[in-house]
Structures are given as C-alpha cells and as structure tokens.
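Student: could you work out the structure for the sequence below:
(one chain, ligands or ions: 2)
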Amino acid sequence: MTVEDENGEEKQEVKKGYEFLEDLPGIGPATAQKLRELGFHTIESLAMATARELEPAGIGEKKAFSIIEAARSSISVSFIRANELLRMRQNVLRLTTGSKSLDKLLDGGLETQTITEFYGEYGSGKSQLCHQLCVNVQLPPERGGLNAAALYIDTENTFRTERIVQMATHLGLDPNQVVKNIIYAEAYTSDHQMFLLDNADEIIKKNNVKLIIIDSLTSHFRSEYLGREMLASRQQKLNKHMHKLIRLARAFNTVAVVTNQVMAKPDVFFGNSVHPIGGHIVGHTSHTRVYLRRSSRGPVRIARLVSSPYLPEGEEIFKITENGIEDVSEEEKPRSRGR
Ligand code: GTP
Ligand code: MG
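Tutor: Ligands and ions are numbered 1, 2, ... in the order given. The predicted model follows:
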C-alpha cells in the first residue's frame with residue numbers, strides 16, 4: 001500500500017511493525033521457541049522463509065502461509081510497484097575495498113543486497129581482502145564505510161586479530177573498538193557452517209551488521225563430499241546455504257562476501273584452466289564474481305571482474321602491504337612498452 005505524504009509524494013505506508021515472533025498472530029510461546037530452534041529469530045527472517053522451512057516446527061502449510069504473510073506485511077515485503085523497486089535499488093549501499101582501482105572495477109565498491117564472490121588460488125589475497133572489509137565497514141560513509149559491524153564465518157582458521165589491528169591503526173581507527181565490532185565464529189564442518197548462518201539473523205539485527213563474510217564458502221563442502229555420487233547432495237546444500245545468505249543480505253541490507261578456491265581442470269584446447277569450486281550453483285547465486293591472482297611482482301595482485309549483473313568485465317591491480325589492501329602507485333605500475 002502506498003499513501004501520499006504532505007508533499008504529495010507517494011511513500012510506503014508504515015504498517016504496525018511486529019517486534020517479536022510472539023507478536024505475530026497464531027504464534028504462541030511454544031511455536032516461537034521451535035521457530036527459534038530452526039534459526040528464525042526475527043520477523044525479517046520469517047518474511048523470507050518458505051512454508052516448507054517451517055514444517056519441522058510442527059506448523060502446517062496453511063498456518064505457515066499466514067505466518068509468513070503476516071511477517072511480510074509487517075516489513076512490507078509483497079508486490080511492489082517498479083518505482084518502489086527502484087527505491088529499493090537506491091537503498092543499495094557501497095563498501096570500499098581500500099583500493100580505488102578495485103572500487104572502480106566494482107563501480108564504487110561492494111554492494112549491499114547481493115553476494116560478491118572472490119575466487120582464486122592459494123595466497124591470491126582472498127582472506128586479506130576479507131580482513132580489510134571488516135575494518136572498512138566500520139568507517140563512516142564519507143570514507144567509504146557503512147558505520148557498521150561485521151560478521152565473520154571462518155572455515156579455515158585463518159582469521160587473525162593482529163592483522164585487523166594493523167589495518168585499523170593504519171586508518172586511524174581505535175583498534176580495540178574495531179576488534180569488538182567483528183563478530184567471529186569458526187565453522188568446524190559444513191553442517192556447522194550452515195547452522196551458524198541459519199542462526200545469524202538476530203546477531204545481524206542487534207549488532208548493526210552490514211557485512212557478512214564466509215571465508216571460505218566451499219572448503220568444508222569440498223573435503224566432506226567426495227566423489228561423484230556425493231556431488232548432487234553437496235550442490236543441494238551449497239545452494240541452500242547461498243540462498244540463506246542472499247536472503248539475509250536483502251532483509252538486512254548487508255554486503256555479503258564469500259571466498260572460493262579454484263581447481264585446475266585439464267582442458268583439451270587451452271591446457272590447464274582454473275575453475276572455482278562449486279561450479280554453477282555458486283556461480284548463479286553469487287551476483288558478482290571476482291577472480292584474484294598473483295602477479296610476478298611480489299605484493300601486486302590482479303583482480304578480474306568475471307561476472308556482474310550489469311558491469312562490464314574488466315581487470316585492475318592492487319597490492320597487499322603491511323597496511324592492508326592498497327593501490328599500486330604510478331611509479332610501481334608496469335611501464336608501457338617503448339618507454
Ligand atoms: P587461501 O585461503 O590459502 O586460498 O589463500 P588466500 O587467497 O586467502 O590468501 P591470503 O589472503 O591469505 O593472502 C596471503 C598473502 O597475503 C601472503 O602470501 C602475503 O603475500 C600477503 N600478506 C598477508 N599478511 C601480510 C602482512 O601482514 N603484510 C604483508 N606485506 N603481506 C601480507
Ligand atoms: Mg584464505
């Protein structure tokens with residue numbers, strides 16, 4: 001529903017917002033408890049749920065539809081006019097990577113409401129970028145940040161607080177404060193990783209999280225689901241996991257970042273080519289994919305925008321230093337031929 005405000009402008013009618021699950025019609029304390037156990041702690045996450053997902057809470061299809069509908073109307077998720085869609089698009093915020101070149105490749109930085117995937121070989125800088133984003137998200141908007149906190153799901157135990165302190169200090173931020181605003185969890189298995197994300201909604205809401213990181217998205221899935229016969233169930237789980245992530249990113253207007261290793265695949269025509277793990281499912285769900293690789297010059301990395309909903313492919317360079325992710329200076333750039 002839209003109403004006109006005092007200036008005659010159409011705007012979304014603010015419905016009476018429900019605050020707790022128990023406020024929704026048809027949800028008593030016992031059902032609310034079961035829903036929480038399933039990972040639905042907030043009205044926002046219920047609004048993005050499917051009836052099937054509520055089944056394990058003993059909620060029949062009909063009741064599930066009415067609960068989801070009530071949650072949706074509470075936060076205004078239903079049919080909207082295209083001009084409102086445009087307005088939603090205008091709510092998209094951008095987060096700086098720390099490198100102007102890399103930001104340019106991404107048309108101003110990483111977007112909220114979508115998933116950005118960084119993939120590349122060992123040492124290509126995926127985790128370093130994740131660290132940097134956790135610091136940058138805490139910067140004020142005029143410095144490319146979102147004045148917000150970060151949520152970090154670490155599957156390979158590579159998160160280092162010391163590195164955050166280095167990066168924060170370089171940006172003139174209080175390292176103690178910066179470290180406090182990173183909510184961290186180590187995921188021990190793929191099921192645990194999924195469980196953590198399934199239960200993240202309340203933490204995101206309470207802590208003003210505007211950046212969700214999964215580093216790495218695929219490592220557990222890769223090591224647990226071996227062989228061809230496991231491939232279908234692995235892809236199904238990965239698909240579900242990614243959809244949970246995209247729904248959280250939309251419901252809470254957050255940036256979502258996943259990292260992915262690559263594997264070499266023998267190619268008849270081009271020799272060995274590299275492919276991100278997880279194949280098409282991850283490919284279709286992650287909206288922006290960036291391929292990172294090392295260069296012949298130490299700290300310099302090459303980033304290639306491989307797919308994006310609306311940006312052209314392109315390549316830029318950046319470097320990883322003591323300070324974090326930085327631009328390569330003009331003097332450091334490779335000289336063009338003939339000079
Ligand atoms: P995998 O997770 O193994 O697939 O690799 P990754 O892509 O996550 O690599 P990561 O981001 O961990 O990059 C590691 C590289 O970053 C190192 O090889 C260093 O070149 C660089 N690096 C990491 N920490 C520092 C640091 O404190 N100072 C400097 N100068 N470089 C660093
Ligand atoms: Mg890493």
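Student: and the gap between the closest residue to residue 157 other than its chain neighbours and ligand 1?
Tutor: Closest residue in space to residue 157, ignoring its immediate chain neighbours: residue 186 at 6.0 Å, by C-beta to C-beta, 6 or more residues apart in numbering. For glycine as for every other residue, the C-beta is placed from the backbone atoms N, C-alpha and C. For residue 186, the distance to ligand 1 equals 14 Å [C-beta to the nearest ligand atom, to the nearest Å].
Student: residue 289 belongs to a strand, doesn't it?
Tutor: Yes. Assessed with DSSP: H, G, I helix; E, B strand; the rest coil, residue 289 lies in a strand.
Student: from ligand 1, how far off is it?
Tutor: In terms of C-beta to the nearest ligand atom, residue 289 sits 15 Å off from ligand 1.
Student: can you map out the helices along the stretch 1-150 of the chain?
Tutor: 29-37, 43-47, 51-54, 61-74, 82-90, 100-105, 126-136 (DSSP state H, counting those that start in this stretch).
Student: elements contacting the second one?
Tutor: Translated: helix 43-47. helix 61-74, helix 201-206, helix 231-251 (3 or more C-beta pairs under 8 Å, 6 or more residues apart in numbering; DSSP states H and E).
Student: who in this protein is up against ligand 2?
Tutor: Applying C-beta under 5 Å from the ion, we find that the chain lies next to ligand 2 at 126-127, 158.
Student: can you list the domain ranges for the chain.
Tutor: Per the record, the chain has its domains at 2-74, 91-332, by automatic domain parsing.
Student: contacting residues around residue 333?
Tutor: residue 317 (C-beta atoms under 8 Å, 6 or more residues apart in numbering).
Student: give me the contact list for stretch 23-33.
Tutor: So stretch 23-33 is contacted by 18, 20-22, 35, 43, 46, 57-59, 63, 66-67, 70-71, 74 (C-beta under 8 Å, 6+ apart).
Student: widest-spaced pair of those residues?
Tutor: 58 and 74 (22.3 Å; C-beta to C-beta).
Student: just how off-centre is stretch 164-180 within its chain?
Tutor: Computed by C-alpha atoms, centre = their mean, to the nearest Å, the chain-centroid distance of stretch 164-180 equals 22 Å.
Student: stretch 229-236 too?
Tutor: That offset, for stretch 229-236, works out to 23 Å (C-alpha atoms, centre = their mean).
Student: strands of the stretch 151-300 of the chain, start to end?
Tutor: Ranges of strands in the stretch 151-300 of the chain, per DSSP state E, counting those that start in this stretch, are 182-186, 209-215, 255-260, 262-267, 271-276, 288-294, 300-307.
Student: and the second one with strand 182-186, angle?
Tutor: Same thing as strand 209-215. 30 degrees (axes from the mean of the first three to the mean of the last three C-alpha atoms, to 10 degrees).
Student: measure whichever residue of the stretch 101-250 of the chain sits closest to ligand 2 to ligand 1 for me?
Tutor: The nearest approach of the stretch 101-250 of the chain to ligand 2 comes at residue 127, 3.2 Å away (C-beta to the ion). From residue 127 across to ligand 1, the span is 3 Å (C-beta to the nearest ligand atom).
Student: quick one on the thing from earlier: now the helices of the stretch 1-150 of the chain in a markdown table, with mean neighbour count and mean pLDDT?
Tutor: Listed next are these as a markdown table, based on neighbours: other C-beta atoms under 10 Å; pLDDT from 0 to 100:
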| stretch | mean neighbour count | mean pLDDT |
| --- | --- | --- |
| helix 29-37 | 15 | 92 |
| helix 43-47 | 24 | 87 |
| helix 51-54 | 17 | 91 |
| helix 61-74 | 17 | 88 |
| helix 82-90 | 11 | 72 |
| helix 100-105 | 19 | 97 |
| helix 126-136 | 25 | 98 |
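Student: tell me which parts of the stretch 201-339 of the chain are close to ligand 1?
Tutor: Counting by C-beta under 6 Å from any ligand atom, the stretch 201-339 of the chain comes close to ligand 1 at 261, 299, 320-322.
Student: switch the cut-off to 8 Å
Tutor: 215-216, 259, 261, 292, 298-299, 320-322 (C-beta under 8 Å from any ligand atom).
Student: in PyMOL, select just the buried ones from those residues.
Tutor: In PyMOL, this line selects whichever of these come out buried by 16 or more other C-beta atoms under 10 Å:
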select buried, resi 215+216+259+261+292+320
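Student: got CSV for the residues of the stretch 201-339 of the chain next to ligand 1, with pLDDT too?
Tutor: Converted to CSV, these look like this (pLDDT from 0 to 100):
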residue, pLDDT
215, 98
216, 96
259, 96
261, 90
292, 96
298, 91
299, 95
320, 98
321, 97
322, 97
